[in-house]
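A.B. asks: quick check, what structure comes out for this input:
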Amino acid sequence: MTLQAKILVVDDTPQNVKLLTELLAAPNYAIVTAASGHEALEQVEKETPDLILLDVLMPKMNGYEVCRKIRDSPVTALLPVIMVTGLDPSQERVKGIEAGADEFITKPINHPELLARVRSLLRIKALHDTVKRQATELFEANAQLSHTLDELRTTQTHLIQSEKMAALGKLVAGLAHEINTPLGAITSNTNLLDRGFKRLAPSVAEQGKTLLTTLEPLLLTNAEACQRISAIVKNLKTFARLDEAEWKSADFREGMESTLTLVHHLHKGRIQMLREYREIPPVECHPGQINQVFMNLLVNAIQAIEGPGKIWIRMGLEGDIVKVEIQDTGIGIAETHLPRIFDPGFTTKGVGVGAGLGLSICYQIIAEHQGTIHVASQDGRGSTFTMHLPIRPRKE
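C.D. replies: Numbering: from 1, shown residues only. Just a heads-up that it's a prediction; the model follows:
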């Protein structure tokens with residue numbers, strides 16, 4: 001069923017209103033009338049018509065003023081307006097065009113001419129409404145597509161991260177196992193040799209005792225080396241919890257220390273690691289993912305320091321929120337880069353150095369733990385990354 005076009009007839013003379021209403025009755029248009037400019041604007045504000053037939057000469061507010069007010073409103077700026085006048089059309093037409101009229105009809109009104117112009121303007125309005133509706137639909141579809149693309153990028157980043165974390169977890173776990181087996185044999189043999197030499201010492205000659213005394217420091221060195229390797233294996237096992245899917249209570253300090261051990265070779269003898277740990281309770285989290293955040297931030301901080309420098313690692317409690325800060329004395333981040341620092345693919349390290357996913361992954365992991373992460377930095381004066389994480393996040 002086709003909806004009737006609604007036409008507003010504005011004239012302060014009842015006879016003119018009656019005439020126009022009768023002329024437009026045959027095409028079955030829905031007619032609304034107004035006897036003044038103010039009444040017309042009230043009608044338009046209440047319910048916008050499809051077209052206005054507007055008398056020029058009216059008291060208090062003439063047709064030109066009404067038309068200008070209609071054009072000034074973004075809601076009715078394109079509403080078709082036909083001005084009707086009994087004055088000299090050559091003089092009034094210019095004023096009507098300046099006021100924003102689309103058509104000009106002179107009295108006495110020619111019935112076919114009036115209907116032709118009304119039909120023409122209504123067709124143009126219908127076309128405009130169709131274009132506007134399609135543009136709105138296109139805009140909404142584009143917004144939905146943009147949202148979908150953002151979700152796809154996020155999903156892709158998650159998949160990359162999950163694959164990397166799972167692979168690294170398996171690699172580190174396997175490496176720890178491979179190291180642990182020969183390490184166990186070396187530790188056991190070293191211990192057995194140490195006890196054997198101690199039992200042998202009383203029964204050997206003076207020359208043998210000298211030899212045993214020479215060998216004893218070597219055994220102690222071997223024992224110390226075994227302890228250091230054992231500590232590395234323990235830290236590898238702690239860090240290897242990358243693919244854990246369940247929420248667990250974890251000691252952030254233990255996770256940070258295991259991560260610091262693994263990155264030690266990147267800064268040994270060059271950068272001071274300054275720890276400022278306050279008492280914090282165990283935190284419910286994905287331990288491996290949190291370790292990955294620590295790893296990414298520490299590696300970035302180390303790479304940002306070109307020579308000797310310092311990195312502060314701070315942990316503390318603010319109510320039921322754990323605060324973790326990693327501050328470096330590196331080259332800092334340019335102010336223009338700060339708004340994009342957590343965007344997937346964004347990097348300041350140059351071509352071929354990383355995929356630009358490290359900080360994006362950190363942001364996503366912290367967000368999934370219902371926390372926040374932000375950076376404060378000045379170009380040439382270092383950076384501080386601050387994380388706030390709830391002790392007990394709400395489970396989705």
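
A.B. asks: would you map the helices across the stretch 251-396 of the chain?
C.D. replies: Secondary structure of the stretch 251-396 of the chain (DSSP state H, counting those that start in this stretch): helices located at 252-262, 264-267, 287-304, 358-368.

A.B. asks: kindly export the shortest one (C-alpha atoms) in CSV.
C.D. replies: Yep, that's helix 264-267 we're talking about. The C-alpha trace of helix 264-267 is given here as CSV (Å, rounded to 0.1, in the frame of the first residue of the first chain):
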residue,chain,number,x,y,z
HIS,A,264,69.5,-11.9,32.0
HIS,A,265,71.8,-12.6,29.0
LEU,A,266,70.3,-9.6,27.1
HIS,A,267,71.6,-7.0,29.6
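
A.B. asks: tell me which residues are up against that helix.
C.D. replies: Residues from elsewhere that reach helix 264-267 (Cβ atoms under 8 Å, 6 or more residues apart in numbering): 273, 299, 302, 305, 311. Using the backbone N, CA and C atoms, a C-beta is placed for each residue, glycine as well.

A.B. asks: show me how far that helix is from its chain's centre.
C.D. replies: Helix 264-267 has its C-alpha centroid displaced from the chain centroid by 33 Å (Cα atoms, centre = their mean, to the nearest Å).

A.B. asks: next: the first one.
C.D. replies: What separates the centre of helix 252-262 from the centre of its chain is 29 Å, taken as Cα atoms, centre = their mean.

A.B. asks: packing partners for it?
C.D. replies: Counting contacts by 3 or more Cβ pairs under 8 Å, 6 or more residues apart in numbering; DSSP states H and E, helix 252-262 packs against helix 206-239, helix 287-304, strand 309-318, strand 321-328.

A.B. asks: give me the buried positions along that helix.
C.D. replies: For helix 252-262, a neighbour-count test (16 or more other Cβ atoms under 10 Å) marks 252, 255-262 as buried.

A.B. asks: tell me which of the helices of the stretch 251-396 of the chain lies nearest to Ile391.
C.D. replies: Closest approach to Ile391 among the helices of the stretch 251-396 of the chain is made by helix 252-262 (10.2 Å; Cβ to Cβ).

A.B. asks: report the angle between that closest one and helix 287-304.
C.D. replies: 50 degrees (axes from the mean of the first three to the mean of the last three Cα atoms, to 10 degrees).

A.B. asks: state the mean pLDDT of helix 252-262.
C.D. replies: For helix 252-262, mean pLDDT rounds to 88.

A.B. asks: could you dump that helix to CSV, C-alpha only?
C.D. replies: Coordinates of each C-alpha in helix 252-262 appear next as CSV, following Å, rounded to 0.1, in the frame of the first residue of the first chain:
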residue,chain,number,x,y,z
PHE,A,252,53.6,-12.2,40.5
ARG,A,253,57.1,-11.8,42.1
GLU,A,254,57.9,-15.4,41.3
GLY,A,255,56.8,-14.9,37.7
MET,A,256,58.8,-11.7,37.4
GLU,A,257,61.9,-13.3,38.8
SER,A,258,61.7,-16.3,36.5
THR,A,259,61.3,-13.9,33.6
LEU,A,260,64.2,-11.8,34.7
THR,A,261,66.4,-14.9,34.8
LEU,A,262,65.5,-15.7,31.2
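
A.B. asks: how about the strands in the chain?
C.D. replies: Along the chain, the stretches classed as strands by DSSP state E are 6-10, 30-34, 51-55, 81-85, 103-106, 248-250, 271-277, 283-285, 309-318, 321-328, 372-377, 383-390.

A.B. asks: neighbours of Arg394, how many?
C.D. replies: Using other Cβ atoms under 10 Å, Arg394 is surrounded by 6 other residues.

A.B. asks: for the nearest residue to it once chain neighbours are set aside, give me its contacts.
C.D. replies: Using Cβ to Cβ, 6 or more residues apart in numbering and skipping residues adjacent in sequence, the residue nearest Arg394 is Gln370, 6.5 Å away. Applying Cβ under 8 Å, 6+ apart to Gln370 gives the contacts 389-390, 393-394.

A.B. asks: which stretches of the stretch 51-200 of the chain form helices?
C.D. replies: All helices of the stretch 51-200 of the chain, identified by DSSP H, counting those that start in this stretch, fall at 63-72, 89-99, 111-200.

A.B. asks: which among these is found nearest to Leu20?
C.D. replies: Nearest to Leu20, of those and by Cβ to Cβ, is helix 111-200 at 8.1 Å.

A.B. asks: on that earlier part again, looking at the strands of the chain, which is nearest to Ala225?
C.D. replies: With distances scored as Cβ to Cβ, the stretch of these nearest to Ala225 is strand 271-277 (22.5 Å).

A.B. asks: who does the closest one touch, helix- and strand-wise?
C.D. replies: Contacts defined by 3+ Cβ pairs under 8 Å, 6+ apart place strand 271-277 against strand 309-318.

A.B. asks: how about the strand it packs on: buried residues?
C.D. replies: 309, 311-315.

A.B. asks: then stretch 34-52?
C.D. replies: Using 16+ other Cβ under 10 Å as the test for burial, stretch 34-52 gives 34-37, 39-41, 43-44, 49-52.

A.B. asks: now the end-to-end length of it.
C.D. replies: End-to-end span of stretch 34-52 (Cα to Cα, to the nearest Å): 10 Å.
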